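J.: have a look at this prediction, sequence included:
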Amino acid sequence: MKLLSHFIIGFILSIFLFKIGYGTTNISIFLLSSVLIDLDHLQMVVVNKAFTIDKILQLNKDIYPEYKQHPDTAYLNVIYIFHTIEFNVVLAMTGILNNILFFISVGFIFHIICDVLYFLLTGMPVIRWLSFVAWINSKRVNKE
């Protein structure tokens, strides 16, 4: 799902959150985190040396054709750590103790739900690893 789409959907939810009584600080944290979670995608830029806007756009455009050609090995070495279940469980647990981390956690989880729904609704495969443990196991299995 595109960053702008995440922002628009997050902004719409933010209006609802404001209407039911959440403060602007908490809503801002939610909205920013629901977009900034994608900072973990920067590893793709570094790994592929896509340091210009044109190369980044091309990299994004090539993701799904690459997967369709090599579904068993495409993006085997890529994990978006902020999108993993393990990271988000820890974040949610610490969010119980800290209001800022709570709204970061809500923003992250909202973003992931939007991604998965987008993939399911468009018929695109969910090719990213959603579990750090599964990613580690896949690397171990593929070495054998």
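T.: Looks like it came in fine. Numbering: from 1, shown residues only.
J.: C-alpha only now, for contacts and for neighbours.
T.: Will do.
J.: helices or strands up against the helix with the most length in the chain?
T.: Counting by DSSP state H, the longest helix found in the chain is helix 99-122. Here helix 99-122 touches helix 24-36, helix 85-95, going by 3 or more CA pairs under 8 Å, 6 or more residues apart in numbering; DSSP states H and E.
J.: can you pull the contacts of the nearest residue to Ile85 once chain neighbours are set aside?
T.: Closest residue in space to Ile85, ignoring its immediate chain neighbours: Ser131 at 5.4 Å, by CA to CA, 6 or more residues apart in numbering. Shown in contact with Ser131 (CA atoms under 8 Å, 6 or more residues apart in numbering): Thr84, Ile85, Glu86.
J.: of these, closest to Lys2?
T.: Using CA to CA, Thr84 is the member of those that lies nearest Lys2, at 18.6 Å.
J.: one step back: and the residue nearest to Ile85, what's its pLDDT?
T.: According to the prediction, Ser131 has pLDDT 82.
J.: relative to Lys49, how far out is it?
T.: Using CA to CA, to the nearest Å, Ser131 is found at 25 Å from Lys49.
J.: go on, Leu97?
T.: The value you get for Leu97 to Lys49, if CA to CA is used, is 39 Å.
J.: follow-up on the earlier one: most packed of the helices and strands packed on helix 99-122?
T.: Mean neighbour count (mean count of other CA atoms under 10 Å) peaks for helix 24-36 among those, with a mean of 20.
J.: correct me, but Phe18 touches Asn26?
T.: No. The criterion here is CA atoms under 8 Å, and Phe18 misses it with Asn26 at 9.4 Å.
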